[in-house]
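K.L.:
Below is the sequence, then the predicted model.
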Amino acid sequence: MAPIGLAILGAGIFAKEAHLPALAVHGSEKSVVNAVYSRSKSSASSLAEQVKERLGNTPTVYSEDGASEGGLDALLARPDIQAVIVVLPLTQQPDVVLKALAAGKSVLSEKPVAKDVKTGIDLIEKWEKEYKPKGLIWRVAENFEVEPGILEAAERIKAGAIGKVRFFNCSMIFPMDKDNKYYQTSWRTIPDYQGGFLLDAGVHTNAALRKVLGSSFPLDTAKVTGFASLTRDFLAPHDTFQAVIQAAPTSDGEHPAQGVNEMSCAVKPGFSRYILTVTGTEGTLTLESVPKPVREADLVLARASAFKAEGNEKPVVPHWQTTITGPDGNKTEEFARIGSGVYEELGSFLNALSGKDDGNGEPRYVAPYRIRAYSVVLACRDALLDVALIQAYLTSQGNAIDMKKLVSTGSA
């Protein structure tokens, strides 16, 4: 089978530091980047140089300010491009996704699916009505959704390793200063969408929650109460939230399970953490992101990581470490898996284009228990729910938000 012809739309940090390394590890037998696009010729040309360096071919440059080949319309007219990877500023993505679909191209677009639930619903309904029946594929790139370490933790909970889930605590805290390379991207510095970095990064946490908790704690029917605040003015509109999530009542009359989710980017450099603890009737599971030297068996996957740092002998890469303790408090199992979500999500998309669709990245809620493969876990919720949870955290201000209503209508 010939390699799939791709174009990358957007020439920012994540396109260069995450997508290109992952495509390189997948290899030229799976795909070839025939074109790159950015609004400016200089940024598109910079990406093209990196494509040549990493992937070994020279893509055609398209831009809106003077590229000889033209702009986005000219790129989308090319018959040798089957699909596009959209890595553009958040509020620009919906229009570009629809434009690419209208041109007959399948799409992998970076998370979040949209700036808010209503925009996401409108976008999804248009895709389902006009483009999905034509066989076009649209997937939302959420790397936490396919992280092997997260999925394996989910498998343990599904298998009953901690009994019946009763509560969880999730904490994602990281520094964001003005000299951070992500802050220095103009669309993030003055965001025209809710939550700022809390939306851009917070959907990751929600993706991990929905995968790990699965059908033991359906987030799409939960109630959410929370508060959002701003500590550092340059991170407006918000830089912190804390939320309490309560599962829907069950038929057995037990008190519903509940959990706490918090996120902040208001801390100063030097402190960060991502830790999720799920407690059940028979034990506790803790999932944590920790930097570790790469094992020999994972050296190839490490080349696909956007977050590696060079160690003394081997690169240091974030790993997902799971620890399970039993009812007596003793550790029963501990394992760590290298972070490889971007590599996995690109592989899932390329497989879907080749007729092997596992459903990862579906931009809408899909019925629970639709298990197609190991990589599709428990209830296949998706990117719309991830955004809806952030919207609930930001807008609750102490009032209970009905997630079922929010996900289905776009308003609470």
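P.N.:
Arrived safely, thanks for sending.
K.L.:
Next one: the closest residue to residue 86 other than its chain neighbours relative to residue 2, how far apart?
P.N.:
Among residues not flanking residue 86 along the chain, residue 109 sits closest, at 4.0 Å (C-beta to C-beta, 6 or more residues apart in numbering). Every C-beta, even on glycine, is put in place using the N, C-alpha and C of the backbone. Using C-beta to C-beta, to the nearest Å, residue 109 is found at 24 Å from residue 2.
K.L.:
between the two, which one's more packed in?
P.N.:
Shown here are residue 109 and residue 2; by other C-beta atoms under 10 Å, residue 109 has more neighbours (28 against 8).
K.L.:
you'd agree that one is up against residue 141?
P.N.:
Yes: between residue 109 and residue 141 there is a contact at 6.6 Å, judged by C-beta atoms under 8 Å.
K.L.:
Now do the residue nearest to residue 86 against residue 100, distance only.
P.N.:
Residue 109 is 9 Å from residue 100, by C-beta to C-beta.
K.L.:
Equivalent analysis for residue 177, please.
P.N.:
35 Å.
K.L.:
quick one, which of these two is more surrounded?
P.N.:
For residue 177 versus residue 100, neighbours defined as other C-beta under 10 Å are more numerous around residue 100 (26 against 13).
K.L.:
can you pull the contacts of that one?
P.N.:
9, 76, 84, 86, 107 (C-beta atoms under 8 Å, 6 or more residues apart in numbering).
K.L.:
How about the secondary structure of it?
P.N.:
helix (DSSP: H, G, I helix; E, B strand; the rest coil).
K.L.:
What strand or helix carries the residue nearest to residue 86?
P.N.:
strand 106-110 (DSSP states H and E).
K.L.:
Toward the C-terminus, what is the element adjacent to that strand?
P.N.:
helix 117-126.
K.L.:
Low-confidence ranges, the stretch 1-150 of the chain, go.
P.N.:
In the predicted model, the stretch 1-150 of the chain carries no residue with pLDDT under 70.
K.L.:
all strands of it, in order?
P.N.:
4-9, 31-37, 60-62, 83-86, 106-110, 138-141 (DSSP state E, counting those that start in this stretch).
K.L.:
Can you pull out the low-pLDDT segments for the stretch 251-400 of the chain?
P.N.:
In the stretch 251-400 of the chain, residues with pLDDT under 70: 309-313, 359, 361-381.
K.L.:
if we look at stretch 73-85, which residues are touching it?
P.N.:
For stretch 73-85, using C-beta under 8 Å, 6+ apart, the contacting residues are 4-9, 15, 19, 34-35, 37, 60, 62, 69, 99-100, 103, 105-109, 137, 141, 349, 353.
K.L.:
Where do the helices of the stretch 51-200 of the chain begin and end?
P.N.:
Per DSSP state H, counting those that start in this stretch, the stretch 51-200 of the chain carries helices over the ranges 72-76, 93-102, 117-126, 148-158, 186-189, 197-213.
K.L.:
Burial-wise, tell me which of those comes out on top.
P.N.:
helix 197-213 (a mean of 24; mean count of other C-beta atoms under 10 Å).
K.L.:
immediately after that one, which helix or strand?
P.N.:
Next along from helix 197-213, by DSSP H and E: strand 223-229.
K.L.:
That following strand pairs with which strands, parallel or anti?
P.N.:
Applying DSSP bridges, strand 223-229 is found paired with strand 240-246 (antiparallel), strand 401-402 (antiparallel).
K.L.:
Give me the buried positions along whatever helix or strand comes next after the shortest one.
P.N.:
This means strand 401-402. Using DSSP H and E, the helix or strand that follows strand 401-402 towards the C-terminus is helix 403-409. By neighbour count on 16 or more other C-beta atoms under 10 Å, the buried set for helix 403-409 is 403, 406-407.
K.L.:
sorry, back to before: most neighbours per residue, which of the strands of the stretch 1-150 of the chain?
P.N.:
strand 138-141 (a mean of 27).
K.L.:
So which elements touch it?
P.N.:
strand 106-110, helix 341-353 (3 or more C-beta pairs under 8 Å, 6 or more residues apart in numbering; DSSP states H and E).
K.L.:
in the chain, which residue is closest to the centre?
P.N.:
Most central in the chain under C-alpha atoms, centre = their mean is residue 142, positioned 2.2 Å from the mean C-alpha point.
K.L.:
Give me the neighbour count for residue 170.
P.N.:
Based on other C-beta under 10 Å, the number of other residues close to residue 170 is 23.
K.L.:
Domain boundaries for this structure, per the record?
P.N.:
Following automatic domain parsing, one finds the domains of the chain at 4-141, 144-339+366-409.
K.L.:
Start and end of the shortest one, how far apart?
P.N.:
What it means is domain 4-141. This stretch, domain 4-141, spans 18 Å end to end (C-alpha to C-alpha, to the nearest Å).
K.L.:
what's the answer for the longest one, then?
P.N.:
Across domain 144-339+366-409, the straight-line distance between its terminal residues is 26 Å, by C-alpha to C-alpha.
K.L.:
Secondary structure element holding residue 319?
P.N.:
Using DSSP H and E, residue 319 falls in strand 316-325.
K.L.:
tell me which residues in the helix or strand following that strand are buried?
P.N.:
Proceeding N to C from strand 316-325, the next assigned helix or strand is strand 331-338, under DSSP H and E. Along strand 331-338, these residues count as buried under the neighbour rule (16+ other C-beta under 10 Å): 332, 336-338.
K.L.:
and what of stretch 345-361?
P.N.:
In stretch 345-361, counting by 16+ other C-beta under 10 Å, buried: 345-353, 357-361.
K.L.:
can you list these in TSV and add distance to residue 326?
P.N.:
Below are those laid out as TSV (distance: C-beta to C-beta, whole Å):
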residue	distance to residue 326
345	34
346	38
347	35
348	34
349	39
350	40
351	38
352	39
353	44
357	38
358	33
359	33
360	32
361	35
